[in-house]
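Q: structure, please.
(one chain, ligands or ions: 1)
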Amino acid sequence: MRIDVVSIFPGYLQALDLSLVGKARRDGLLDLRVHDLREWTTDRHRTVDDTPFGGGAGMVMRPDVWGLAVDDVLAEGPARRVLLVPTPSGERLTQRTVEDLAGADQLVLACGRYEGIDARVAENYRARGDVEVREFSLGDYVLNGGEVAALVVVEAVARLLPGVIGNPASLVEESHGTAGLLEYPVYTKPPSWAGLEVPEVLTSGHHGNVARWRREQALARTAERRPDMVAALDPAGLDRTDRAA
Ligand code: 6GU
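A: Numbers count the residues shown, from 1 in each chain. As a prediction, the model looks like this:
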């Protein structure tokens with residue numbers, strides 16, 4: 001997969017040289033390119049923004065600069081390309097969306113700053129029809145720009161690409177995966193620490209009891225922390241022990 005991130009703060013994306021994403025790049029599993037939006041400015045001051053039509057506080061990013069940048073970084077050919085625009089007014093990003101994005105050939109992340117990007121940029125690429133456009137939000141709070149959201153998308157997508165995670169079994173049970181529940185609590189050595197013991201069932205060697213305990217813990221945790229997720233569960237997927245929990 002190819003991912004292009006365009007930002008006026010490319011330095012923000014340096015974290016993508018590290019850890020799992022960095023290794024995926026070095027292994028040739030991910031072609032990640034970070035660009036400085038100002039490369040596409042044409043004036044002496046390298047201007048990327050201007051005052052909003054209609055008035056109001058703050059500055060808006062100019063569509064002409066963004067248009068040149070996006071046109072340049074979009075890959076040629078019949079590939080599935082997605083233009084992602086991080087914005088607090090977008091649709092909420094979910095694991096379902098991330099899984100869908102992992103199937104694309106190219107993602108272009110257009111990181112806005114200030115009051116956002118002129119709305120005609122998303123409109124223009126939607127109208128062209130040769131690239132999907134998705135405006136997305138991380139959650140109900142406000143960040144100063146899209147860079148952190150780009151980091152989130154790259155990390156969430158990269159770990160789903162074939163070969164990136166050494167043990168694909170670790171993708172199976174995790175929170176927000178297929179079960180629709182948060183993950184159960186996990187423990188390792190030492191068995192006793194700070195006066196706290198590892199739950200006995202986990203050291204019992206009884207795999208059936210371990211599985212049942214984990215399922216109960218996942219349900220209890222989800223009910224406590226994310227009642228919205230419990231309400232969205234398919235009742236057909238719950239068994240009698242689940243209801244008791
Ligand atoms: Cl994607 N962008 C910005 N600027 N703020 C946000 C966000 C995105 N998601 C939550 N807050």
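
Q: any idea of the mean pLDDT for the longest strand seen in the chain?
A: If you go by DSSP state E, the chain has its longest strand at strand 81-92. If you average the pLDDT over strand 81-92, you get 98.

Q: only alpha carbons, please: show it as PDB.
A: Presented in PDB, the C-alpha positions along strand 81-92 are these (Å, rounded to 0.1, in the frame of the first residue of the first chain):
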ATOM      1  CA  ARG A  81      -7.500   5.700  -4.100                       C
ATOM      2  CA  VAL A  82      -8.900   7.300  -1.000                       C
ATOM      3  CA  LEU A  83      -8.500  11.000   0.000                       C
ATOM      4  CA  LEU A  84      -8.800  11.300   3.800                       C
ATOM      5  CA  VAL A  85      -9.500  14.600   5.300                       C
ATOM      6  CA  PRO A  86      -9.200  14.700   9.100                       C
ATOM      7  CA  THR A  87     -11.700  17.200  10.600                       C
ATOM      8  CA  PRO A  88     -13.600  17.400  13.900                       C
ATOM      9  CA  SER A  89     -16.700  17.700  11.700                       C
ATOM     10  CA  GLY A  90     -16.100  14.400   9.900                       C
ATOM     11  CA  GLU A  91     -17.700  10.900  10.500                       C
ATOM     12  CA  ARG A  92     -16.200   9.100  13.500                       C
END
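
Q: work out the gap between the helix or strand following that strand and the centre of the chain.
A: Using DSSP states H and E, the helix or strand that follows strand 81-92 in sequence is helix 95-101. For helix 95-101, the separation from the chain centroid amounts to 8 Å (computed by Cα atoms, centre = their mean, to the nearest Å).

Q: related to what we said a few turns ago, list the buried residues for the longest strand of the chain?
A: 81, 82, 83, 84, 85, 86, 87, 88, 90 (16 or more other Cβ atoms under 10 Å). In short, each C-beta sits where N, CA and C put it, glycine included.

Q: equivalent analysis for stretch 36-56, please.
A: Those would be 36, 37, 40, 41, 48, 49, for stretch 36-56 by 16+ other Cβ under 10 Å.

Q: distance between the ends of it?
A: In stretch 36-56, first residue to last residue: 27 Å (Cα to Cα, to the nearest Å).

Q: off-centre distance for that stretch?
A: On Cα atoms, centre = their mean, the centre of stretch 36-56 falls 27 Å from that of its chain.

Q: could you work out the most separated pair of the buried residues of strand 81-92?
A: The span of these, defined through Cβ to Cβ, is set by 81 and 88 at 24.2 Å.

Q: worst-scoring helix or strand of this protein, pLDDT-wise?
A: One helix or strand of the chain scores below all others by mean pLDDT, DSSP states H and E: helix 240-244, with a mean of 68.
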